[in-house]
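>>> please work out how this folds:
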Amino acid sequence: MVCGGFVCTKNALSALNVLYVLVSLLLIGVAAWGKWFDLVSSFRVVAGVVSVGIFLFLVAIVGLCGALKHHQVLLFFYMIILFTVFVMQFAVSCACLALNKEQQNQLLEVGWNKSETTQRDVEKTLNCCGFSSVPINGSCAASCYKPVTPSACDTCSNTIQQIAGEVLRFVGGIGLFFSFSEILGVWLAHRYRNLKDPRSNPGAFL
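A predicted model of the protein is given here:
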C-alpha cells in the first residue's frame, strides 16, 4: 500500500489527533499546575485555559474515533468543527501579528481594568505597581512597593509593553502553525471519508 492510500491516510489522521490530545492534556495540566502553586490566582484565566483544553480534547477524540472506525458522520462533524476553529484561530493569529504598540497598550489597559486578581498577579510577577501610574495611597502586591517611597516601583504598562510585542509574535506564530495543522486535518478527514476500505466489500457503500 503506497503512502496516500487508505491505511496511510488513516494513520496520518490518527497521529494528528493523538497530537491534539497531548496538547489538550498539556493545556489542562499547565492550568492546574499554575493554580496549584498559586502562580495564577484568577479563576477566569484558569477556567478559560481548561475550557480550551477540554474542547480540543473532545474534538480530538471525535476525530480519532472517526479515523479508527472510518465513521462518516463523525468525520463530517470533525471537518466542520475543525474548519470553524481554523477560521477563528487564523484570524486571531493574524490580528496578534498585526497589532501596533498603541493598540497593544489599549487592549492591555482594558484587560487590566477588568480583574483585580489579574492586577495582583501581574504586580507580583513583574514587580511593578499600577498600570499607567503608581498608586500613592493604594495597595500593591509588588515587593518593591513601599507607601513611603512608591516611586521606587515602575508602572506595569512600561514593563508589560517591553514583552507584549514578543509574546504576541510568539502567540501569533504558534497560532498560525496550529491553524495550518487544522486545515491539514480537514483535508485528511475529507480525503479519508472518500476512500473505500480495501478490506470491506467492494460493492458496499462508502
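>>> from Gly5, how far off is the closest residue to Ser93 other than its chain neighbours?
Closest residue in space to Ser93, ignoring its immediate chain neighbours: Gly175 at 3.3 Å, by Cβ to Cβ, 6 or more residues apart in numbering. All C-beta atoms are positioned from the backbone trio N, CA, C, and that covers glycine. Counting by Cβ to Cβ, to the nearest Å, the gap between Gly175 and Gly5 amounts to 32 Å.
>>> what packs against the longest helix along the chain?
In the chain, assigned by DSSP state H, the helix with the most residues is helix 156-193. Packing partners of helix 156-193 (3 or more Cβ pairs under 8 Å, 6 or more residues apart in numbering; DSSP states H and E): helix 6-36, helix 43-69, helix 72-98, helix 101-114, helix 116-126.
>>> give the buried residues for it.
Buried residues in helix 156-193, counted by 16 or more other Cβ atoms under 10 Å: 156-157, 159-160, 164, 168, 172, 175-176, 178-179, 182, 185-186, 188-189, 192-193.
>>> correct me if wrong: the residue nearest to Ser93 contacts Met88.
No - under the contact definition of Cβ atoms under 8 Å, Gly175 does not touch Met88, with a separation of 9.9 Å.
>>> ok so, going back, so for the longest helix of the chain, mean pLDDT?
Averaging the model's pLDDT scores along helix 156-193 yields 82.
>>> do stretch 70-87 as well
Stretch 70-87 comes out at a mean pLDDT of 91.
>>> using PDB, write out the CA atom coordinates for it.
What follows is stretch 70-87, C-alpha atoms only, in PDB (Å, rounded to 0.1, in the frame of the first residue of the first chain):
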ATOM      1  CA  HIS A  70     -14.000   5.200   9.300                       C
ATOM      2  CA  HIS A  71     -17.200   6.700  10.600                       C
ATOM      3  CA  GLN A  72     -18.700   9.000   8.000                       C
ATOM      4  CA  VAL A  73     -20.800  11.100  10.400                       C
ATOM      5  CA  LEU A  74     -18.100  11.700  13.000                       C
ATOM      6  CA  LEU A  75     -15.600  12.600  10.300                       C
ATOM      7  CA  PHE A  76     -18.100  15.100   8.800                       C
ATOM      8  CA  PHE A  77     -18.700  16.900  12.100                       C
ATOM      9  CA  TYR A  78     -15.000  16.700  12.800                       C
ATOM     10  CA  MET A  79     -14.300  18.600   9.500                       C
ATOM     11  CA  ILE A  80     -16.900  21.200  10.200                       C
ATOM     12  CA  ILE A  81     -15.700  21.900  13.700                       C
ATOM     13  CA  LEU A  82     -12.100  21.900  12.800                       C
ATOM     14  CA  PHE A  83     -12.600  24.200   9.800                       C
ATOM     15  CA  THR A  84     -14.500  26.700  12.100                       C
ATOM     16  CA  VAL A  85     -11.700  26.600  14.600                       C
ATOM     17  CA  PHE A  86      -9.200  27.200  11.800                       C
ATOM     18  CA  VAL A  87     -11.000  30.300  10.600                       C
END
